[in-house]
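*Asks:* Turn this into a structure:
(2 chains, ligands or ions: 2)
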Amino acid sequence: MTKNKNLLQGWYRKPDIDIGLTYRVFYRNLKVFLKTWKANIMFNFLEPLLYLWAMGLGLGMYVSQINGLSYLEFLAPGLIASSAMFSTTYEVTYNSYTRMAREKIFHGMVATPVSMDDVVLGEILYGTFKGVLYGLVFFIVVAFFGIVHSPFAIFILFPLFLMTVILSNLSLIWTSLAPNYDSFGYFFTLLISPMFLFGGIFFPVESLPAGIRFLPWFTPLYHAVEAIRPMVLGLSDYSVSGHLVWLIVVTVVTLPFPLTMVKNKLIQ
Amino acid sequence: MTYHAGAQAIFAQNLTKRFGSFTAVNNISFAVSKGECFGLLGPNGAGKTSIARMIIGFSPISEGKLLVLDQDIHTHAREVKARIGVVAQEDNLDPELTVLENLLVYANYFRLPRNVARERAEEILKFMDLTDKAGAVVDELSGGLKRRLTLGRALINRPELLILDEPTTGLDPYARQTNR
Ligand SMILES: Nc1ncnc2c1ncn2[C@@H]1O[C@H](COP(=O)(O)OP(=O)(O)O)[C@@H](O)[C@H]1O
Ligand SMILES: [Mg+2]
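*Replies:* Numbers count the residues shown, from 1 in each chain, chains lettered A, B, ... in the order given. Ligands and ions are numbered 1, 2, ... in the order given. Next up, the predicted model:
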């Protein structure tokens, strides 16, 4: 861990980004994705679909209403966000770590005019792309259940985009610290699963015990869910703008860290 | 050791590399003229890879002066890297792509136009005797064939300077001959 202390060195520096080359890094990942996308998409959206069935239709029989919504209506929009979350976080932990540490693909890329900042930003963009894509695929499922009540629902792209950028940033920070694959277990057990279970998808955070009710406010998933739900259901809710501001601010604040930490980890 | 602008591919003066308190490269000076084939010999752990990494900008220098193709790699990284080819000690081919895709995707990082990339890729496959394997996934290649592809990939930008770190690892004698 003493080595990791220096990973933050120079986090305030101006990143060395070339958008064209960043896109080429993203494109490399996209090219690999397109080889297996059918199996990938099937696999990734099966899980939220099972939740929708089990909880929405099963548990929903026993829950009459939450905040004036049927349980299925309450639940489904949140699962769009969690579908995106899982897709992004798996990609930018296990898969990014594979590219970085095992396959040494980052090393190969930076021997060309591509900079390490281009590589890391390309990874963040790809993690974001995958999350937004899986979010949208699940959105279509939700639409089939008849839960999309407004054409403005397409604006969920904004919170989905912001949330997945933040999650890409957080995942890459963890990836830069990870000594091996096992350590990602902690990431999912300590951060992602609690967000999923207590971030306002299955029940309103107001029903959490008073002492920990403030915790979800610190998570990107909670804000995304709170923004997405009214958009999908066509409800006017002025708090949405507050959630979007939170997401924008945290996106900007977290971005420098993966860039610096991965660079400091690899370039010694 | 004096610096001759335009005549030297690499100019290193009092070059030092430290990892914490450990000194991996201690105050070395050398120059490689353009067109010259320069070999760096030394036992394992002598610091050869550390020197190569500094030259390709993968490792900041601790002390001294280092010019690559007359430029400081840390202030002109993209320009210099566009003009060099690198074969790292550890293979870093893209195992999720085929042999041909490896060359094309790499060419893309050098911003080579698609048709130029394709032409050069085919030329390299031929030269490296890999044409039959163009569609094979890299993971299916033997160690020696991977090394040949890595070598070929380093030529895709027609580099003025080629940095090879243990390039003959796994190559059969025939390949060593043709690569001279
Ligand atoms: N990132 C690093 N951190 C600490 N020590 C390193 C690092 N990289 C190389 N070294 C040390 O520097 C010395 C030189 O290594 P290297 O340049 O790989 O030698 P060679 O390529 O000649 O075998 C070795 O003792 C090695 O352990
Ligand atoms: Mg070595």
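*Asks:* burial count for the residue nearest to residue B:42 when sequence neighbours are not counted?
*Replies:* With sequence-adjacent residues excluded and distances taken as CB to CB, 6 or more residues apart in numbering or on different chains, residue B:42 is closest to residue B:48, at 5.5 Å. Quick note: C-beta positions are derived from backbone N, CA and C, even for glycine. Residues near residue B:48, counting by other CB atoms under 10 Å in any protein chain shown, number 19.
*Asks:* which residues does residue B:48 contact?
*Replies:* By CB atoms under 8 Å, 6 or more residues apart in numbering or on different chains, the residues touching residue B:48 are B:40-42, B:165.
*Asks:* Next: residue A:263.
*Replies:* Listed by CB under 8 Å, 6+ apart, the contact partners of residue A:263 are A:116-117, A:120.
*Asks:* do residue B:150 as well
*Replies:* B:87-88, B:91-93.
*Asks:* Could you list the low-pLDDT ranges of the chain?
*Replies:* In the absence of a named chain, chain A is used. A:1-5 (pLDDT under 70).
*Asks:* wrong chain, I was asking about chain B
*Replies:* B:169-180.
*Asks:* Up against chain A, what does it have?
*Replies:* B:19, B:56-60, B:77-79, B:81-82, B:86, B:88, B:90-97, B:101, B:105-106, B:108-111, B:157 (CB under 8 Å from any CB of the partner chain).
*Asks:* just the helices in the chain please.
*Replies:* Chain wasn't specified; assuming chain A. A:2-5, A:19-51, A:71-90, A:96-97, A:105-109, A:116-144, A:157-177, A:183-186, A:193-198, A:220-233, A:239-254, A:256-266 (DSSP state H).
*Asks:* oops, I was thinking of chain B
*Replies:* Using DSSP H, helices in chain B cover B:48-55, B:77-82, B:99-109, B:114-127, B:143-153, B:173-178.
*Asks:* distance between the first one and the chain's centre?
*Replies:* Computed by CA atoms, centre = their mean, to the nearest Å, the chain-centroid distance of helix B:48-55 equals 10 Å.
*Asks:* Got the domain ranges for chain B?
*Replies:* For chain B, automatic domain parsing gives the domain ranges B:8-75, B:99-177.
*Asks:* Select, out of the ones you listed, the one closest to residue A:112.
*Replies:* Closest of the domains of chain B to residue A:112 is domain B:99-177, at 3.8 Å (criterion: CB to CB).
*Asks:* sorry, back to before: among the contacts of residue A:263, which one sits closest to chain B?
*Replies:* Using CB to the nearest CB, residue A:116 comes nearest to chain B of the contacts of residue A:263, at 9.1 Å.
*Asks:* isn't the closest one right next to residue A:100, touching?
*Replies:* No - counting by CB atoms under 8 Å, residue A:116 stays clear of residue A:100, with 10.6 Å between them.
*Asks:* Now for the two: what residues contact both?
*Replies:* Shared contacts of residue A:116 and residue A:100, counting by CB under 8 Å, 6+ apart, come down to A:106, A:262, A:266.
*Asks:* circling back to that earlier point, which of the contacts of residue B:150 sits closest to ligand 1?
*Replies:* Closest approach to ligand 1 among those (CB to the nearest ligand atom): residue B:88, at 10.8 Å.
*Asks:* Leaving out chain neighbours, which residue sits closest to the closest one?
*Replies:* In this structure, residue B:88 finds its nearest non-sequential neighbour in residue B:165, 5.7 Å apart by CB to CB, 6+ apart.
*Asks:* give me phi/psi at the one you found?
*Replies:* Note on residue B:165: backbone dihedrals following degrees, to the nearest 10 are phi -110, psi 110.
*Asks:* Spell out which parts of chain B neighbour ligand 2.
*Replies:* By CB under 5 Å from the ion, the part of chain B that sits against ligand 2 consists of B:48-49, B:89.
*Asks:* right, I mislabeled it, should have said chain A
*Replies:* Counting by CB under 5 Å from the ion, no residue of chain A sits close to ligand 2.
*Asks:* and residue 24, how many neighbours?
*Replies:* Just going to use chain A. Quick note: residue A:24 (other CB under 10 Å) scores 21 neighbours.
*Asks:* wrong one, I was asking about chain B
*Replies:* Look at residue B:24: counted by other CB under 10 Å, it has 19 neighbours.
*Asks:* Could you check which residue of the stretch 151-268 of chain A lies nearest ligand 2?
*Replies:* residue A:268 (14.7 Å; CB to the ion).
*Asks:* Which residue is the nearest non-sequential neighbour of that residue?
*Replies:* Residue nearest to residue A:268 in three dimensions, not counting chain neighbours: residue B:59, with 6.2 Å by CB to CB, 6+ apart.
*Asks:* re earlier: just the domains of chain B: most buried one?
*Replies:* Most buried of these by mean neighbour count (mean count of other CB atoms under 10 Å in any protein chain shown) is domain B:99-177; its value is a mean of 17.
*Asks:* Say whether ligand 1 is contacted by that one.
*Replies:* No - for domain B:99-177, no contact with ligand 1 is found by CB under 6 Å from any ligand atom; the gap never falls below 7.0 Å.
*Asks:* Single out the residue in the stretch 51-200 of chain A that lies closest to ligand 2.
*Replies:* residue A:107 (13.9 Å).
*Asks:* That residue and residue B:86: what is the separation?
*Replies:* Note on residue A:107: its distance to residue B:86, by CB to CB, to the nearest Å, is 9 Å.
*Asks:* Likewise for residue B:20?
*Replies:* Distance from residue B:20 to residue B:86, by CB to CB: 26 Å.
*Asks:* just checking, residue B:100 touches residue B:134?
*Replies:* Yes - proximity of residue B:100 to residue B:134 meets the contact threshold set by CB under 8 Å, at 4.3 Å.
*Asks:* got any residues that touch both of the two?
*Replies:* Common neighbours of residue B:100 and residue B:134 (CB under 8 Å, 6+ apart) are residue B:125.
*Asks:* Looking at the contacts of residue B:150, which are in strands?
*Replies:* residue B:87 (DSSP state E).
*Asks:* which of the contacts of residue B:150 are close to ligand 1?
*Replies:* Answer for the contacts of residue B:150 near ligand 1: none qualify (CB under 6 Å from any ligand atom).
*Asks:* For the helices of chain A, give me CSV that also has distance to residue B:149.
*Replies:* Shown next, in CSV, are the helices of chain A (distance: least, CB to CB, whole Å):
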stretch, distance to residue B:149
helix A:2-5, 33
helix A:19-51, 16
helix A:71-90, 30
helix A:96-97, 24
helix A:105-109, 12
helix A:116-144, 21
helix A:157-177, 27
helix A:183-186, 31
helix A:193-198, 42
helix A:220-233, 41
helix A:239-254, 38
helix A:256-266, 23
